[in-house]
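Visitor: turn this into a model:
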Amino acid sequence: MPRSARKTSLESRSARAQLPMRRAPYFVKIAKGLRLGYYRGSAAGTWICRRYRGGGCYDTTALGLADDLTDADGSKVFDFWQAQGAARQWAEKQRLIDEGMVRGGPYTVADAVQDYVDAVRAEKGPAAERAAKYIFHASILPELGPLLVEMLTADRLLRWRNSLATRPKKVRTKRTADRPATREIADDDDARRKRKATANRILTMLKAALNRSFQAGRVASDQAWRRVKAFGKVDAQLCAI
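Guide: Numbering: from 1, shown residues only. As a prediction, the model looks like this:
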């Protein structure tokens, strides 16, 4: 882990409250070519990040609010130390974009899935790729594919997880059919446990793709899907039957 930079005038809300208001941000160097900036506002201040690209050119982005009035949550409101982490993640993402290792522009769940499937093909081979594609195309992409990863919420993902456990079971569909064929599931404890176990496996696949995008620096936070847990004790109950 890189060592955090120190700047006593920015480290606490009480210290930042003593800074005069001005048009230019207060900067601190946190890495070579990378600076964290703080705008002193009339209410809550904001954190920005500036990255030197070379040739006298800079990239600048807004990171979020400072914890001047409300407690930091590491997602939209950052303390000084969290803002440094967010700045480093953003800078790493920009580096990967510059090197052509990840996509630039809006990044959707479908993009994260494609990057993950590409990695599965390279690491595990065509059979694993086909199996992953089947799960993604059948149960994840139709509903979540167009959504921006940065805009995902725990509530949205929880509702999707719950729907997996209650929707009719998909069965083989004729090529001439205009919609997927389904079969109603039995309304008993055994059937419900099995559907929840299946939902857990699908959720695990989605999280694997989203975690890869976060670890690659493609998105700034993994809190949305980290907060969505699998159905509890489902597989253990199945094994006991």
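
Visitor: please tell me how far T61 sits from A15.
Guide: Distance, T61 to A15, using C-beta to C-beta, to the nearest Å: 24 Å. For glycine as for every other residue, the C-beta is placed from the backbone atoms N, C-alpha and C.

Visitor: for the two, indicate the residue with more neighbours.
Guide: Of the pair T61 and A15, T61 is the one with more neighbours under other C-beta atoms under 10 Å, namely 16 against 13.

Visitor: report the mean per-residue pLDDT for the host helix or strand of the more buried one.
Guide: Applying DSSP states H and E as the criterion places T61 in strand 57-66. Strand 57-66 comes out with an average pLDDT of 93.

Visitor: ok, now stretch 159-175?
Guide: pLDDT averaged over stretch 159-175 gives 77.

Visitor: what of stretch 223-241?
Guide: Mean predicted lDDT for stretch 223-241 stands at 73.

Visitor: could you do stretch 87-96 as well?
Guide: 85.

Visitor: what pairs with the strand holding T61, parallel or antiparallel?
Guide: Taking DSSP bridges as the criterion, strand 57-66 sits next to strand 46-54 (antiparallel), strand 77-78 (parallel) in its sheet.

Visitor: gap between it and the chain center?
Guide: 19 Å (C-alpha atoms, centre = their mean, to the nearest Å).

Visitor: C-alpha coordinates for it, PDB please?
Guide: Included here for strand 57-66 are C-alpha records, laid out as PDB according to Å, rounded to 0.1, in the frame of the first residue of the first chain:
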ATOM      1  CA  CYS A  57      -1.400  18.800 -19.900                       C
ATOM      2  CA  TYR A  58      -3.500  17.800 -16.800                       C
ATOM      3  CA  ASP A  59      -6.600  15.600 -16.200                       C
ATOM      4  CA  THR A  60      -8.800  16.800 -13.400                       C
ATOM      5  CA  THR A  61     -11.900  15.200 -11.900                       C
ATOM      6  CA  ALA A  62     -14.200  15.800  -9.000                       C
ATOM      7  CA  LEU A  63     -14.100  13.000  -6.300                       C
ATOM      8  CA  GLY A  64     -16.900  14.000  -4.000                       C
ATOM      9  CA  LEU A  65     -17.800  16.000  -0.900                       C
ATOM     10  CA  ALA A  66     -15.500  16.500   2.000                       C
END
